[in-house]
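Enquirer: got a predicted structure here, sequence first:
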Amino acid sequence: MRGKLACAVLMAPFFLLLVTVFLVPTGTAIWLSFFAADQPGLGFGPESTVFVGLRSYGAVLSDPTFLNGLGTVVLYCLLYIPLMVVGALALALLLDSGVAKLRSWAQMSLYLPHAVPGIIAALIWLYLYTPGLSPIVDLFAQADIQINFLGLHTVLPSIVNIALWSNLGYNMVIFYAALQAVPREVLEASVVDGAGPVKQALRIKTPLVRGAIVTVGIFTLIWALQLFTEPVLLSQSTPMISARFSPSMYIYDAAFTRNNYGLAAAASVILLAFTVALSYGVTRWTNRKAV
Amino acid sequence: MRLSRRTLLAAGLTAPLAACSTPQRRGAGGPVEITFWSALRGSQQVVDAFNSSQNRIRVVFQQIPSGGQGGYAKLSNAARAGNAPDVATIEYPQVPGYAIDGVARDITDLVTDRVKQKLLPQALKLTTFDNRVFSVPLDIEPMVLHYRADLFQAGGFEIPTTWDEFASLARTVRSHNAAQRLAIFPTDGGMQFACYAWQAGAQWFDTAGGKWRVSLADEPTQKVAAYWQRLIDEDLVFRNAADSKQHDAQLGQDRVITRLSGAWDAGAQMRARPAQKGKWRIAPMPIWDEQVVGTHGGSTFAVTKDSRQPEAAMEFIEWQCTHPDALTARLKSGTSSQFPVAPGLVEAGAKAFPGEYYGGQDIYRLFAQETEKIRDGWVWGPRMTATQKVMQDGFARAGAGSGTVIDAVREAQSGTMPDLRALGLSTEEGAR
């Protein structure tokens, strides 16, 4: 009895937060997406809130600007996730192998960018990217290299770069912790069997931290699908980032520029469903391969 | 920075504050207080003049950011929270949107015949939908050609009166000086482009038959798009934002020698580039073959749904739009050159406008003459801010060599229709 009570008390904050910051907003979004304040015809009459079924969903899915945003974010994931996972794992393996000197110093300096809030990180990079402000662009210009980090084709890699800078160290720490848990006798056995450090890293250590790789992959995927802060800030310096650049920006634009809450809600639910489906798919796929 | 965090924060923070300071309504014989939001320059001077002209109504004024920089988001959010000011400033393109959203009150009964008689009917038509008036126009702004008279004289250039002359002059200017261009194609110029299309006879939106008929890429628009595309392809115009440091530099360094924009821009020009005093003159917008023009800019005043003093609000609006003292106060601020919708005020405007910047040119007479040429029948759409943004995204890409001007226009249409459908409006695509 006491055990159950303690359990309830200790779990209560979790459920309270789950309800207030997840279930209620999600429920509201779903409700909003099915209802709208309608005026028939030209729309100048008195409005009444009516059930509109899937109309808002139809509108979102027939909106090329939303589909383009989805395409952009998929491309972003394809660029970002492999770079992130491979990069973080490589760094973790390097640290673990003992090749790197000053291990804790390296760990610290790689992790530090993650402590910078996303919006500040984006501001820093905005400064480094903006022609006329950026010392880097100036430096290239002095070497007669014209580079525009915010051009039509460079803007997405520029955003990937910000995300990598922010998150590489964090994911490296996760991998490093997982590598610490690899049994030493397995490693010793591999050395006895003649594995060099590279072979050991690729054939022994990497398969043994597979769980961590999948976790990092999925978290990175979920985070990447919500792409918002970086493009919003960069859009101040380049017209190549439209107001509907990513699905999250589309939602923001729908609600606050177009004042179309039904559309924004439907787009949010679609993004949620897309994210859930994709993460589920990735989980299933990786699990099947494990068997 | 366009959409700065500060603007966003300000929009979020001041809305509730505005609610806190909701003025006490008609107290024990005191004046009625109404609130007024505007981004228009010189508004404070106008409000001061109104407040000191009588003692029944006291206007509390708040300067807000311009629409695109957060002003419209602020108004929408305030209205959603039930805190919209009594009187809000809305530009023509946004009037139908705010009317549909129920922010702008139907003021048909408040706009008396006396007011109507003082205003140009073609302006009032732009704020009237379904035979209902949703706002009162303050100024009407035919597009004009602002040009550098000194550089025109030095180069021996003639003022282009037609678009063909404009294109051939663009060639002359560039061959004259490879670093110089006649004009820019503004990649943030959805509204300039709308004006070009308007002039050419386009009908982007039409409300006849109780439906929103949308045809952004109609024939006249295709003609205009092809025209500018050619200037872009031949590198006869710079392709960048008009509202940018880059363009400021182009104008400051004599690399761009004309500007196509509304009459109001004469005042903005004086404020932005005081050093070029005496060098600018204004000419009519070039034409195709008919003597018609479109408008670029211009504002209207709406009484919002949240106003508890609509009559007092209307009285203030009427004074702002039709009283010579209002225009004089605004122009005396030295930052405005708005052209009044009330023809009776033109003389007061001509007198109050400090003319030395334009070498003593009687620009108000020119504006009056151009206003007569505004093509009848244009209708703005229900979500112009968004339509314009999508179009400008396309313009920016076209300027960078990916896609064309007409592609951008088509994208704007396909990015607008889902919105209108989700609002539950009856819509139809394609020209009539």
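Expert: It's in.

Enquirer: quick check: bridge partners of the closest residue in space to B:R105 that isn't next to it in sequence?
Expert: Once flanking residues are discounted, B:R105 sits nearest to B:V303: 4.8 Å by CB to CB, 6 or more residues apart in numbering or on different chains. All C-beta atoms are positioned from the backbone trio N, CA, C, and that covers glycine. In this entry, B:V303 is beta-bridged to B:V87, by DSSP bridges.

Enquirer: quick one: neighbours of B:V303, just the number.
Expert: Neighbourhood size, B:V303 [other CB atoms under 10 Å in any protein chain shown]: 29.

Enquirer: which ones are touching it?
Expert: Contact analysis of B:V303 by CB atoms under 8 Å, 6 or more residues apart in numbering or on different chains lists B:86-87, B:104-105, B:107, B:110, B:310, B:313-314, B:317.

Enquirer: adding pLDDT, neighbour count and secondary structure, write the residues you listed out as JSON lines.
Expert: Converted to JSON lines, these look like this (pLDDT from 0 to 100; neighbours: other CB atoms under 10 Å in any protein chain shown; DSSP: H, G, I helix; E, B strand; the rest coil):
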{"residue": "B:D86", "pLDDT": "97", "neighbour count": "28", "secondary structure": "coil"}
{"residue": "B:V87", "pLDDT": "97", "neighbour count": "27", "secondary structure": "strand"}
{"residue": "B:A104", "pLDDT": "96", "neighbour count": "29", "secondary structure": "strand"}
{"residue": "B:R105", "pLDDT": "95", "neighbour count": "23", "secondary structure": "coil"}
{"residue": "B:I107", "pLDDT": "96", "neighbour count": "21", "secondary structure": "coil"}
{"residue": "B:L110", "pLDDT": "95", "neighbour count": "18", "secondary structure": "coil"}
{"residue": "B:P310", "pLDDT": "96", "neighbour count": "18", "secondary structure": "helix"}
{"residue": "B:A313", "pLDDT": "97", "neighbour count": "28", "secondary structure": "helix"}
{"residue": "B:M314", "pLDDT": "97", "neighbour count": "24", "secondary structure": "helix"}
{"residue": "B:I317", "pLDDT": "97", "neighbour count": "25", "secondary structure": "helix"}
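
Enquirer: specify which member of the residues you listed is nearest to chain A.
Expert: B:A104 (10.0 Å; CB to the nearest CB).

Enquirer: who's in contact with the nearest residue to that closest one once chain neighbours are set aside?
Expert: The shortest distance from B:A104 to any non-neighbouring residue, by CB to CB, 6+ apart, is to B:A302 (3.8 Å). Residues near B:A302 by CB under 8 Å, 6+ apart: B:87-90, B:95, B:98, B:103-105, B:107, B:134-136.

Enquirer: try it again with 10 Å
Expert: By CB atoms under 10 Å, 6 or more residues apart in numbering or on different chains, the residues touching B:A302 are B:75, B:84-90, B:94-95, B:98-99, B:103-105, B:107, B:127, B:133-136, B:313, B:317.

Enquirer: ok, now A:L79?
Expert: By CB under 10 Å, 6+ apart, the residues touching A:L79 are A:156-157, A:159-161, A:163-164, A:224.

Enquirer: let's have those in a markdown table, adding distance to chain B and pLDDT.
Expert: Putting the contacts of A:L79 into a markdown table (distance: CB to the nearest CB, whole Å; pLDDT from 0 to 100) gives the following:
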| residue | distance to chain B | pLDDT |
| --- | --- | --- |
| A:L156 | 14 | 95 |
| A:P157 | 16 | 95 |
| A:I159 | 17 | 95 |
| A:V160 | 20 | 96 |
| A:N161 | 20 | 95 |
| A:A163 | 20 | 94 |
| A:L164 | 24 | 94 |
| A:A224 | 22 | 95 |
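
Enquirer: who in the stretch 51-200 of chain A is up against chain B?
Expert: A:52, A:55-66, A:68, A:119, A:123, A:126, A:131-132, A:148, A:151-153 (CB under 10 Å from any CB of the partner chain).

Enquirer: return the distance of the longest helix belonging to chain A from the chain's centre.
Expert: When chain A is parsed with DSSP state H, its longest helix is helix A:64-97. In terms of CA atoms, centre = their mean, to the nearest Å, the gap separating the centre of helix A:64-97 from the centre of its chain is 9 Å.

Enquirer: next, the angle from whichever helix or strand comes after it to helix A:64-97.
Expert: Sequence-wise, the next helix or strand downstream of helix A:64-97 (DSSP states H and E) is helix A:103-115. Between helix A:103-115 and helix A:64-97, the angle comes out at 160 degrees (axes from the mean of the first three to the mean of the last three CA atoms, to 10 degrees).

Enquirer: give the buried residues for helix A:103-115.
Expert: A:106-107, A:110-111, A:113-114 (16 or more other CB atoms under 10 Å in any protein chain shown).

Enquirer: pLDDT added to those, as JSON lines?
Expert: Listed next are the buried residues of helix A:103-115 as JSON lines, based on pLDDT from 0 to 100:
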{"residue": "A:A106", "pLDDT": "83"}
{"residue": "A:Q107", "pLDDT": "83"}
{"residue": "A:L110", "pLDDT": "86"}
{"residue": "A:Y111", "pLDDT": "89"}
{"residue": "A:P113", "pLDDT": "90"}
{"residue": "A:H114", "pLDDT": "89"}
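
Enquirer: ok, of those, which one's closest to chain B?
Expert: A:P113 (20.8 Å).

Enquirer: B:V292: neighbour count?
Expert: B:V292: 18 neighbours (other CB under 10 Å).

Enquirer: so what pLDDT did the residue in the stretch 151-291 of chain A that chain B sits nearest to get?
Expert: Nearest to chain B, among the residues of the stretch 151-291 of chain A, is A:P239, at 3.3 Å (CB to the nearest CB). A:P239 carries a pLDDT value of 88.

Enquirer: tell me the pLDDT of A:L150.
Expert: 89.

Enquirer: cool, and B:A179?
Expert: On pLDDT, B:A179 comes in at 95.

Enquirer: mind listing what the closest residue to it other than its chain neighbours touches?
Expert: Computed as CB to CB, 6+ apart, the closest residue to B:A179 that is not its neighbour in sequence is B:R255, at 5.8 Å. By CB under 10 Å, 6+ apart, the residues touching B:R255 are B:177, B:179-181, B:184, B:238, B:247, B:249.

Enquirer: closest residue of the stretch 51-200 of chain B to chain A?
Expert: Using CB to the nearest CB, the closest approach of the stretch 51-200 of chain B to chain A is made by B:I100 at 4.1 Å.

Enquirer: using the three-state scheme, assign the closest residue to that residue other than its chain neighbours.
Expert: Nearest residue to B:I100, sequence neighbours excluded (CB to CB, 6+ apart): A:G43, at 4.1 Å. Using DSSP: H, G, I helix; E, B strand; the rest coil, the structure places A:G43 in coil.

Enquirer: could you list the low-confidence segments of the chain?
Expert: All of this is about chain A. When residues are selected by pLDDT under 70, those of chain A lie in A:1, A:99-101, A:289-291.

Enquirer: you looked at the wrong chain, it should be chain B
Expert: Confidence mapping of chain B against pLDDT under 70 gives the ranges B:1-29.
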